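Q: here is my input; please provide its structure:
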Amino acid sequence: MTTSSVFNDLQPAAVWTHFATLCAIPRPSKGEAGLREHLRRWAAERGLDASVDAAGNMIVRKAASAGCDASPGVVLQSHLDMVCQKNGDTAHDFTRDPIVPVLRDGWLIAEETTLGADNGIGVALMLAVLEDDSLVHGPLEALFTVDEECGMGGARGLAPELLQGQLLLNLDTEEWGQFYLGCAGGVDVNVARAGVPNVVPAGHAGLRIDVRGLRGGHSGVNIHEGRGSAIKLLVRVLREIERRWPLRLATLCGGTARNALPREAHATLAVPGEVFQELEGLLAELQATFRSELAGVDANVSVSFSSSTVERVMAPADQAAWLASLHAAPQGLQRMSVTVPGVVETSVNLGVVDLQPPAGAANFMVRSLVDSAGDDLAQQIVSLFGLSCTAAEPSGHYPGWAPNPASSLLALCRDVFRQEFGGEATTQVIHAGLECGLIGGKYPGMDMVSFGPTIRGAHAPGEAVEVASVGDCWRLLRAVLAACATGSLPVPDGR
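A: Below is the predicted model:
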């Protein structure tokens, strides 16, 4: 089945037609220009007012339907970019190649790459709204942000007087039947250390060690599940080898995105030639240990080695600083929330490491519902690396979205859900970054709610979206827009 034909029989057709376009046009973070230009032309052909701001965000405005001009303005918001992750043996170029999904048991899946349902389905829903003149709605602004997955650059650069709407519907969450009214804030910690390349010691042979087979996933949504980190497991392997034999590290590379749990990592090193015979047994033992520790979560982890060419290795002091610090560095869930039961409060993900003899770098992404707790964890990481005089600096802080259980928009959304689906939606706070926190800081009176379809495996190959839940989202979105336009929803204060 081809990329286009897989969408032929999916409903609602308007939404899936737009998502097919998003699969065909590359849209990595900071590489959304081609898609944005396509959408700008699309809007112009339909007589819609489209503009691009200084940060690269696109805003498309649509006048209210007949008789709804005085209704509160609604902002629909999603981000254009997607996380670009693929399996190591997949020859996919995210700057050029289309995403190739398959349909299986009611789910649309990208088997070897990320699908981009996060947040492409939200974008597709917004485009379907903009082109459907049969809908009842007040004044609409569709805000398509950029660079969300690499630091929320679009939302960070959004001008505070650009939007006129009083209500915001963010379409970037991943569990159908839940309305989100809060999210974690975040901060990166970037680590860097210059090194001094050394020659390979006499009698040493080069080898490569790979840790693979992990599930990966979203560093916020999946962080509490105890999934393995390929980087942390590989560091454990290297420390075990160090304890037994002379080891000279050449390179250590793992992870490809700050907000994705690292699925694969590899290192090249030099060891005495006679070690090779004993190394196979040690790695088999470590693989068994890891599979036991990660049983039921990441039991397919593998540890393997092969011969490799090594031309330079790290200086002993650089190797010691990196391996000790990465071994001791925090990873994963740090604390559950007391005020929001069942939700992660604070976590950290060691998302990317790239160590070479001349220099090395690593990135940690800290998330927290409590800004002070996140800032303190970031400073703990800075202090840890400071013990070896390795530079570490927090950057890119973005605020969380403080929950407002008394939100009038939330109450309306829950009423509409009840009327449309005959049941109760739940409310949730997500341990992931939504742009609502940054947007709310610039528009403090704006009432905001987030919802979306059911997505599994975001930020990892095999990402999937439940087809039926997309149809439910479309039905809900149309009904909520009509209720905002025709109901008695109060205009939020401060706007």
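
Q: for Val480, give its distance to Leu135.
A: Plainly put, Val480 is 11 Å away from Leu135 if you go by C-beta to C-beta, to the nearest Å. All C-beta spots, glycine's among them, are computed from the backbone N, C-alpha and C.

Q: er, Glu424 I mean
A: The value you get for Glu424 to Leu135, if C-beta to C-beta is used, is 25 Å.

Q: helices or strands next to the longest strand anywhere in the chain in the packing?
A: In the chain, taking DSSP state E as the definition, the longest strand is strand 344-355. For strand 344-355, the elements it packs on are helix 230-244, strand 248-254, helix 316-328, strand 332-336, strand 359-368, helix 371-386, judged by 3 or more C-beta pairs under 8 Å, 6 or more residues apart in numbering; DSSP states H and E.

Q: in TSV: these, plus distance to Phe144, mean neighbour count and mean pLDDT.
A: Output for those, formatted as TSV (distance: least, C-beta to C-beta, whole Å; neighbours: other C-beta atoms under 10 Å; pLDDT from 0 to 100):
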stretch	distance to Phe144	mean neighbour count	mean pLDDT
helix 230-244	33	20	97
strand 248-254	32	23	98
helix 316-328	38	18	98
strand 332-336	33	17	97
strand 359-368	24	23	98
helix 371-386	28	17	97
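
Q: before we move on, back to that, what is the rounded mean pLDDT of the longest strand of the chain?
A: For strand 344-355, mean pLDDT is 97.

Q: what's the answer for stretch 272-292, then?
A: 94.

Q: can you list contacts of that stretch?
A: 203-205, 207, 209, 228, 233, 236-237, 240-241, 244-246, 271, 299-305 (C-beta atoms under 8 Å, 6 or more residues apart in numbering).

Q: now do 7 Å
A: Contact with stretch 272-292 is made by 203-205, 228, 233, 237, 240, 245-246, 299, 301-303, 305, as judged by C-beta atoms under 7 Å, 6 or more residues apart in numbering.

Q: who wins on neighbours among those residues?
A: Gly228 (26 neighbours; other C-beta atoms under 10 Å).

Q: surely that one meets Asn300?
A: No. Using C-beta atoms under 7 Å, Gly228 makes no contact with Asn300, being 9.7 Å away.

Q: what about the longest helix seen in the chain, distance to the chain center?
A: Across the chain, the longest stretch assigned as helix under DSSP state H is helix 467-486. Distance, stretch centre to chain centre, for helix 467-486: 25 Å (C-alpha atoms, centre = their mean, to the nearest Å).

Q: state the mean pLDDT of it.
A: pLDDT averaged over helix 467-486 gives 97.

Q: hang on, the earlier thing: greatest separation within the contacts of stretch 272-292: which pair is it?
A: Greatest spatial distance in those: Gly203 and Ala299, 37.9 Å, computed using C-beta to C-beta.

Q: how many other residues sit next to the nearest residue to Arg414 once chain neighbours are set aside?
A: With C-beta to C-beta, 6 or more residues apart in numbering as the criterion, Arg414 has its nearest non-adjacent residue at 5.6 Å, and that residue is Ala425. Ala425 has 19 neighbouring residues, counting by other C-beta under 10 Å.

Q: swap in the one 4 residues further on?
A: Residues within reach of Val429, counting by other C-beta under 10 Å, total 21.

Q: surely it and Val340 touch.
A: Yes. If you go by C-beta under 7 Å, Val429 and Val340 touch, sitting 4.9 Å apart.

Q: who touches both of these two?
A: Leu369.

Q: so which residues make contact with stretch 138-147?
A: 29-30, 32, 39, 56-64, 68, 71-81, 123, 126, 130, 153-155, 163-165, 435, 484-485.

Q: how far off centre is that stretch?
A: 20 Å.

Q: so the closest residue to Gln77 other than its chain neighbours: helix, strand or coil?
A: Once flanking residues are discounted, Gln77 sits nearest to Leu143: 4.4 Å by C-beta to C-beta, 6+ apart. Classification of Leu143 using DSSP: H, G, I helix; E, B strand; the rest coil returns strand.

Q: please shift the residue numbers so they start at 225 in all later answers.
A: Renumbered: residue one is now 225, and that last one reads Leu367.

Q: just to revisit the earlier point, for ChimeraX, what selects the buried ones among the contacts of stretch 362-371?
A: Here is the ChimeraX command that selects the buried residues among those (16 or more other C-beta atoms under 10 Å):
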select :253,256,263,280,281,282,283,284,285,286,288,292,295,296,297,298,299,300,301,302,303,304,305,347,350,354,377,378,379,387,389,659,708,709
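
Q: narrow the contacts of stretch 362-371 to those in helices?
A: Leu263, Val347, Met350, Leu354, Gly377, Gly378, Ala379, Cys708, Ala709.

Q: state the pair within those that is farthest apart.
A: Farthest pair in the ones in helices among the contacts of stretch 362-371, by C-beta to C-beta: Gly377 and Ala709, 32.4 Å.

Q: from Pro627, how far out is the residue nearest to Arg638?
A: Distance from Ala649 to Pro627, by C-beta to C-beta: 15 Å.

Q: returning to that earlier point: who's more crowded, Glu648 and Leu359?
A: For Glu648 versus Leu359, the count of surrounding residues by other C-beta under 10 Å is larger for Leu359: 18 against 10.

Q: fine by me, we can end here.
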